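Peer 1: the sequence and its predicted three-dimensional model are supplied below.
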Amino acid sequence: MSQAEIGLIGLGVMGANLALNIAEKGNRIAVFNRTVETTRKFHADAGELKSRIVPCETIEEFVAAIRPPRPIIIMIKAGESVDQQMEALKPHLASGDIMIDAGNANFRDTMRRFDSLKDTGLTFIGMGVSGGEEGARHGPSIMVGGTEESYARVEEVLTSIAAKYDGEPCVAWLGENGAGHFVKTIHNGIEYADMQMIAEIYGILRDGLRMTAEEIGEVFGTWNRGRLNSYLIEITEKVLKATDPLTGKPMVDMILDKAGQKGTGKWSAIEAQTMGVPATGIEAAVAARSISSMKEERETAEKILGLPSVGEFQVADKAAFITDLENALLAAKIGAYAQGFAVMSAASKEFGWSLPMPTIARIWRAGCIIRSQFLDEITSAFTKAPDAANLIVTPAFAALVKETDGALRRIVSAAVLGGLPVPALASALGYFDSYRRGRGTANVIQAQRDFFGAHGFDRVDGADSHHGPWGSGLNG
Ligand SMILES: NC(=O)C1=CN([C@@H]2O[C@H](COP(=O)(O)OP(=O)(O)OC[C@H]3O[C@@H](n4cnc5c(N)ncnc54)[C@H](OP(=O)(O)O)[C@@H]3O)[C@@H](O)[C@H]2O)C=CC1
Ligand SMILES: O=C(CO)[C@H](O)[C@H](O)COP(=O)(O)O
């Protein structure tokens, strides 16, 4: 039997589907999973793709089944398990072999792993994959980091399995070492913000307008046929319309309001903060997930503080209000994406990657969780202005912000006055209002810093005097 062209370790949700996708595109693939039973079941269930899959029960057997130089995808739980898996593989590999970590790694781990293989003859690729189960099976968006030469060796197979947007594959080499995993992290940070903003809009419809899950699902369905058309809006309609088989009630009403998180949102916020780039939408979304997980504390606080004492949520024209909600969501979404791209732009300089913004937007148009029509507009904006300081100052998006930010202001105001939490939507408004104001209020902060710490300030008239007359005698 001929050797496999590629290997894959980890037959969980993502790995199993990716392996089937690879086999379906005509590639012969060797597979290995820590739990042998999973490998056996995976192969037994592979149907007509069985003949292209080589199930292996030991690492030795797995490595021997792949034709050198071997590309090996590692799609397992992120973190230490990847280091352990790499250590287990290494003694069996030969010069030229490539280990490709396709999980949601912290890009700093990816940089370390990349460096650790220098001078060994082995190569490391850190590859972000997005699209969930369905994407992995039928076409994910793939963000590759590593040497360009190593990408060239796997480009054909990755292109064959990637999602296509108007025939263009949603895969690209984005830069050296951690570039691919950094971009995937920010993709997820944006995903967090997008999801949180959708949840806040749902909250206004549920707790403000007192609409049922089914009715709210209808609203999202309508929006999905308009400018908000996207995978996340599409699945929101579906989840809101689903019925719980156990109770016959709307499924969403039976789900505990505690959101999980595995790290990528938090890493996005940390890296943004570390580089001094505001990513308030992502930060608000991460914090909202953390607050959501404090269920018992929230219930206790509600008993002690009560809900905000505001009157009945009043809306004079429901249809106009729902149109405002649609535009508010679009405006807030622009803020979150603008921030995500600004973080990537800063990281590109910080880590010397030359991240290609139009390409990133292009490969997010299909396959990934944040895929949307909107990303085609971002692709076009960055193609016309690849060095724009911020998405919101490109002509197309500046026009869109001006058109929709009034709605965002009305919705945030209504929610705040109605006592409904909208931290991510409000963060977008705060971001727009701060970013577009040439003269802000940090002059007071600078004066305070100088007063208590003699930190100095620059003057608006450029005069060579950097301390205020605060009277301590130290700062004059
Ligand atoms: N689910 C999703 O939507 C997406 C997930 N990802 C990322 O892909 C990676 C895999 O996720 P997913 O498929 O969902 O995870 P699953 O939980 O479905 O599968 C986890 C896999 O990791 C293996 N594994 C766990 N610990 C170890 C270890 N110490 N050594 C070797 N193998 C180990 C498991 O093997 P065993 O069967 O023996 O337990 C299993 O094959 C993660 O990094 C995840 O963040 C990326 C994009 C989307
Ligand atoms: O990468 C993904 C989607 O793009 C994974 O589904 C990831 O698990 C999502 O992050 P979290 O679990 O923290 O919500």
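Peer 2: Good, I have the coordinates. No experiment lies behind these values; they were computed from the predicted model shown. Numbering: from 1, shown residues only. Ligands and ions are numbered 1, 2, ... in the order given.
Peer 1: so in the protein, which strand runs the longest?
Peer 2: strand 123-130 (DSSP state E).
Peer 1: setting aside sequence neighbours, what's the nearest residue to the residue most central in space within the chain?
Peer 2: Among the residues of the chain, the one closest to the centroid is residue 188, at 1.4 Å (Cα atoms, centre = their mean). Distance criterion Cβ to Cβ, 6 or more residues apart in numbering; nearest residue to residue 188, sequence neighbours excluded, is residue 264 at 3.5 Å. For the C-beta atoms, the positions are set from N, CA and C on the backbone; glycine is no exception.
Peer 1: and the one you found, how many residues sit next to it?
Peer 2: Number of residues near residue 264 (other Cβ atoms under 10 Å) recorded here: 24.
Peer 1: quick one, phi/psi of residue 117?
Peer 2: Phi and psi for residue 117, reported as degrees, to the nearest 10, are phi -100, psi 0.
Peer 1: give me the nearest residue to it, chain neighbours excluded.
Peer 2: Looking at residue 117 with Cβ to Cβ, 6+ apart, the closest residue is residue 124, at 4.8 Å.
Peer 1: and the lengthiest helix in the chain, what's buried?
Peer 2: Secondary structure assigned by DSSP state H gives helix 318-351 as the longest helix of the chain. Buried residues in helix 318-351, defined by neighbour count with 16 or more other Cβ atoms under 10 Å: 321-322, 324-348, 351.
Peer 1: which elements pack onto it?
Peer 2: On a contact count with 3 or more Cβ pairs under 8 Å, 6 or more residues apart in numbering; DSSP states H and E, helix 318-351 meets helix 179-203, helix 213-224, helix 264-275, helix 280-293, helix 357-363, helix 373-384, helix 395-417, helix 423-435.
Peer 1: can you get me a residue count around the closest residue to residue 380 other than its chain neighbours?
Peer 2: Closest residue to residue 380 apart from its sequence neighbours, by Cβ to Cβ, 6+ apart: residue 396 at 7.0 Å. By other Cβ under 10 Å, the residues close to residue 396 number 14.
Peer 1: for the residue nearest to the centre of the chain, give its distance to residue 438.
Peer 2: 33 Å (Cβ to Cβ, to the nearest Å).
Peer 1: repeat for residue 36
Peer 2: Distance from residue 36 to residue 438, by Cβ to Cβ: 64 Å.
Peer 1: number of nearby residues for the one residue in the stretch 301-450 of the chain that gets nearest to ligand 2?
Peer 2: Distances between the stretch 301-450 of the chain and ligand 2 by Cβ to the nearest ligand atom are smallest at residue 369, namely 4.3 Å. Residues contacting residue 369 under the criterion other Cβ under 10 Å number 21.
Peer 1: just checking, it touches residue 230?
Peer 2: No: applying Cβ atoms under 8 Å, one finds residue 369 not in contact with residue 230, separated by 9.5 Å.
Peer 1: using the three-state scheme, assign the residue of the stretch 301-450 of the chain closest to ligand 2.
Peer 2: coil (DSSP: H, G, I helix; E, B strand; the rest coil).
Peer 1: contacts only, for it.
Peer 2: Residues in contact with residue 369 (Cβ atoms under 8 Å, 6 or more residues apart in numbering) are 130, 131, 132, 135, 187, 191, 231, 232.
Peer 1: and the strand or helix carrying the fourth one, what does it pack against?
Peer 2: What it means is residue 135. Using DSSP states H and E, residue 135 sits within helix 132-138. The contact analysis (3+ Cβ pairs under 8 Å, 6+ apart) places helix 132-138 against helix 13-24.
Peer 1: and the helix it packs on, which residues are buried?
Peer 2: 14, 15, 16, 17, 18, 19, 20, 21, 22, 23, 24.
Peer 1: which ones are touching the first one?
Peer 2: By Cβ under 8 Å, 6+ apart, residue 14 lies in contact with 75, 102, 103, 129, 132, 133, 136.
Peer 1: kindly report the same for the third one.
Peer 2: Residues in contact with residue 16, defined by Cβ under 8 Å, 6+ apart, are residue 42.
Peer 1: am I right that residue 89 is in contact with residue 58?
Peer 2: No: using Cβ under 8 Å, residue 89 is not in contact with residue 58, being 11.8 Å away.
Peer 1: and these two? which has more neighbours close in?
Peer 2: residue 89 (21 against 11).
Peer 1: separation between the more buried one and ligand 2?
Peer 2: Going from residue 89 to ligand 2 by Cβ to the nearest ligand atom, to the nearest Å gives 23 Å.
Peer 1: mind listing residues that contact the helix or strand harbouring that residue?
Peer 2: Using DSSP H and E, residue 89 maps to helix 80-89. If you take Cβ under 8 Å, 6+ apart as the criterion, helix 80-89 is touched by 9, 59, 63, 72, 74, 76, 99, 101, 103, 105, 109, 113.
Peer 1: mind listing what the closest residue to ligand 1 within the stretch 101-250 of the chain touches?
Peer 2: Closest approach between the stretch 101-250 of the chain and ligand 1, counting by Cβ to the nearest ligand atom: residue 103, at 2.6 Å. Neighbour list for residue 103: 10, 14, 74, 75, 76, 77, 78, 82 [criterion: Cβ under 8 Å, 6+ apart].
Peer 1: pLDDT wise, what is the fourth one at?
Peer 2: This means residue 75. Residue 75 carries a pLDDT value of 98.
Peer 1: and the second one, by the same measure?
Peer 2: Reported pLDDT at residue 14 in the predicted model: 98.
Peer 1: quick revisit: give me the common contacts of residue 369 and residue 230.
Peer 2: By Cβ under 8 Å, 6+ apart, no residue touches both residue 369 and residue 230.
Peer 1: need the helix or strand of the chain with the lowest average pLDDT.
Peer 2: Every helix and strand of the chain was ranked by mean pLDDT, DSSP states H and E. The lowest is helix 373-384, at a mean of 95.
Peer 1: any idea how far residue 132 is from residue 232?
Peer 2: Residue 132 is 11 Å from residue 232, by Cβ to Cβ.
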